[in-house]
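Visitor: Build me a model from this:
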Amino acid sequence: MERWEREGLTKEEYDRILNLIGREPNDLELAMFGVMWSEHCGYKNSRALLKLFYTKNNIVLQGPGENSGIIDIGDGYALTFKVESHNHPSAVEPFQGAATGVGGIVRDIFVMGARPIALLNSLRFGNPNLEKTKKLVNGVVKGISDYGNKIGVPDVAGEVYFNSCYNDNPLVNAMCVGLMKKSQIKKGVAKGKGNPVILVGHTTGRDGIKGASFASENLTDKSEEKRSHVQVADPFMEKLLIEATVELINHKDIVGIQDLGAAGLTSSSCEIASRGNAGIEIDVSKVITREPNMTPQEIMLSESQERMLVVIKKGKEKDAFKIFKKWGLHASIIGYVKNDGMLTIKNGDQIVANIPAKALAEGSPANLRNYKTPPYIIEKNYTGEITKVIFNPDIEKDFLELLGSPNLCSREWIIKQYDHMVGTRTTIRPGGDASVLYLRETNKAISLTIDCNSRYCYLNPYEGAKLAVFEAARNLVATGAKPYAITDCLNFASPEDEEIYYQFKNTIFGITEASRLLDTPVISGNVSFYNQSENHQIYPTPVIGMVGLIEKPEHITSINFNIPETNLSSKDNFKNIDFIKNNTLIGDAIILVGETKAELGGSEYLSYIYKKEIGPIPEVEGQKQIITNNTLFSLIKEGVIKSAHDISDGGFIIALAECCFKNEVGVYVDIKTNLKPQEFLFSESQGRFILSIDKNNIDKVILQFKKNGILATHIGYVTYNNPDNENKNNNLFLVKVNGEKIINKNIVEIKKIWQNGFNKYI
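Guide: Below is the predicted model:
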């Protein structure tokens, strides 16, 4: 094997290095190029296409290219947020892989000058009946909860999906959101000749060496041998680092701060030098190590966690060290800023590496690969396949099975392990369309979601990616928020496969179109390739994290149907309805917004009940969705919407049940439709919401949507027992289609099936 191959480089890349530095690199230099030009750090197979993203508008203060993106939320405050993957480490060491994934994304936030205020995560696992999957789920969830709980950052939202395509490659995508004053924004730059470079935080060990390279290759049977490439987490050290940094950002003499993530000291030093058009000289003998006799290569490539670089004005070091000492952090001056553009590594007086910083940080090739349409896309999108499905006439049975299925059942088992209330900001907790955090500094709130339907993206990468963006936006609007901006984590198999590159290219196009239409720029993100093994390629999974702003706390809206404060007579409001008894009262009206079509392609219903993953997937109709969102947004601000819930996975009937669960209320719904009952109830047509409103506002709400060209229909009422009735848990979930009873079940019994679903698998 040639020396460049051992570092994961190609002959063409090695020749490029020779041209850039004008000589043969030594072993340390070649190893540094190997990690920096890996897919994980260099983005060599994605960079060219990522430039197509819509990344700027009038609220973007920092777009892609820094540790995380920043948006302006007014009143002198800003939000910074980003999502990143830790897939490969989590596959071989689920606890540490997930924990260090959280630690890494949190550092990307606080080095920008922000206090981390929220965590989110998107998780994908294989067949839930496999013992391997159960082990991975338990390890990953424990790793996330252990780290997040100990550093005191609430985990407020997320998603968990199961599919056999993830059997060998679980996806662990972690997102963090931070709040800052605009005056406190810091960036990862090195400037000013002679300014000292300080390494602060944990000591440097041998854990995680070449972790970036490990994340840039397919998983194989030998991947278990690479556990040493997985970093080791220390959340208590991270907590100290957070508090020290929050204090440090008020220091006017701080030039720049940079997290040590993938590729460790190598990436952090060359990146801050490159951004600042400067050079840096580092003496590895000044690095505080936790293990004896570490070599320069081990020190430069170590991915030990909870570390960061700080560049401070010369002569002001004492002020910084006072803060580091106060918080019990290890810190040492390991180098200085230079003006020669070189990253010079010394070991005492000996120069052991001398490379142009920009060559390392920005010099990797930007490949545009060949692509071709996968044959399965044509085969699986044949419209006649769905018409061949013979629907089970027992719709209630299918509904209950679907409600308890691994992808739709309650995530309470996971949510209980996360502290989502620490910090006392969380207003809408996990489990709804999105979570809401109150910002007492501005008397505003923010809505947060993370979302992707990978089955849609598999069947149609372009439309599926658009759907993911629009779904995230609907989640925010349903809480009363205006969607502001996006961070994404693009998870794919090998880009060297032309069919996979087709998926990736079309995903980029889909996200770009949707984000432009919604005016939600992509301000940060991550690409994770090589998520495949000898047996499986993952579905394209472009996870969308989105943040929205709620201007007034009174606009915050949840998915939950409520019991009205005043009791209403059932007989006066429901005439000739056979199920109404003396002890059943009528509450708010239920409105269905949007058109339901016979769109079962890619649905959870077809996948789980009939084991068919076929298309075509639902139509996006972006402009119509935007009008729907804007109309709902204005009605929420008027105060006429009591609850709102986006209809997505599982269709109308699943969303309707979810609205009932918290307060265990019943419903009476009678649908008028030309569709088959199964088509209406389980269709995943886009752009739809279920609303509850006061009965006096029915005409007002329907007319407002109608004026804007959007279908809105009064379909029924929330029902509940008379408080005087001894049997207070007898609320019925009664759904009719064209007058025929389809589902007639006690809501408490339905809720138990939903709540206990996860326990059957994990």
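
Visitor: Okay, and the beta partners of residue 174?
Guide: In this entry, residue 174 is beta-bridged to residue 84, residue 121, by DSSP bridges.

Visitor: Identify the residues contacting it.
Guide: Counting by Cβ atoms under 8 Å, 6 or more residues apart in numbering, residue 174 makes contact with 83-86, 98, 101-102, 104-105, 119-121, 144. Heads up, the C-betas are built off the backbone N, CA and C, glycines and all.

Visitor: between these, which is closest to residue 738?
Guide: residue 120 (40.8 Å; Cβ to Cβ).

Visitor: Test my guess that that closest one contacts residue 160.
Guide: No. Residue 120 is not in contact with residue 160 according to Cβ atoms under 8 Å; the separation is 12.0 Å.

Visitor: circling back: which among the contacts of residue 174 gets closest to residue 592?
Guide: Of all those, residue 592 sits closest to residue 120, with 28.8 Å by Cβ to Cβ.

Visitor: Check which element follows the helix or strand bottoming out on mean pLDDT in the chain along the chain.
Guide: Here the helix or strand of the chain ranked lowest by mean pLDDT, DSSP states H and E is helix 570-573, holding a mean of 45. Elements were assigned by DSSP states H and E; along the chain past helix 570-573, the next helix or strand is strand 584-593.

Visitor: which residues sit in contact with residue 755?
Guide: The neighbourhood of residue 755, defined by Cβ under 8 Å, 6+ apart, consists of 409-410, 412.

Visitor: do that again at 10 Å, thanks
Guide: Neighbour list for residue 755: 403-404, 409-410, 412-413, 661 [criterion: Cβ atoms under 10 Å, 6 or more residues apart in numbering].

Visitor: Now go through the residues you listed and say which are in helices.
Guide: Filtering those for membership in helices, criterion DSSP state H, returns 403, 412-413, 661.

Visitor: As TSV, the residues you listed with neighbour count and distance to residue 17 would be great.
Guide: Written out in TSV, the entries for the ones in helices among the contacts of residue 755 read as follows (neighbours: other Cβ atoms under 10 Å; distance: Cβ to Cβ, whole Å):
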residue	neighbour count	distance to residue 17
403	21	56
412	16	52
413	18	49
661	19	58
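
Visitor: So which of those residues is the closest to residue 289?
Guide: If you rank the ones in helices among the contacts of residue 755 by distance to residue 289 using Cβ to Cβ, residue 413 comes first, at 40.6 Å.

Visitor: So for residue 722, what's the pLDDT?
Guide: At residue 722 the predicted local confidence, pLDDT, stands at 58.

Visitor: now swap in residue 192 and tell me
Guide: With respect to pLDDT, residue 192 has a value of 95.

Visitor: Please identify the helix or strand for residue 501.
Guide: In the assignment (DSSP H and E), residue 501 maps to helix 498-518.

Visitor: which neighbours does the helix or strand following that helix have in its sheet, and in what orientation?
Guide: Next along the chain after helix 498-518, taking DSSP H and E as the criterion, comes strand 522-528. According to DSSP bridges, the neighbouring strands of strand 522-528, each with its direction, are strand 482-491 (parallel).

Visitor: In terms of secondary structure, what does the helix or strand containing residue 667 contact?
Guide: Element membership of residue 667 [criterion: DSSP H and E] is strand 666-671. Other elements packing on strand 666-671 under the criterion 3 or more Cβ pairs under 10 Å, 6 or more residues apart in numbering; DSSP states H and E are strand 584-593, helix 652-661, helix 677-682, strand 689-693, strand 712-721, strand 732-737, strand 740-746, helix 747-756.

Visitor: who's more crowded, residue 120 and residue 160?
Guide: Between residue 120 and residue 160, counted using other Cβ atoms under 10 Å, residue 120 has the larger neighbour count: 29 against 21.

Visitor: who's in contact with that one?
Guide: With contact set as Cβ under 10 Å, 6+ apart, residue 120 has these partners: 81, 83, 105, 154-159, 173-177, 430, 434-435, 448-451, 487, 543, 545, 547.

Visitor: And the pLDDT at it?
Guide: Looking at residue 120, its pLDDT stands at 97.

Visitor: Spatially nearest residue to it (excluding sequence neighbours)?
Guide: Distances taken as Cβ to Cβ, 6 or more residues apart in numbering put residue 175 closest to residue 120, at 4.1 Å, once the chain neighbours are dropped.

Visitor: No more questions from me, cheers.
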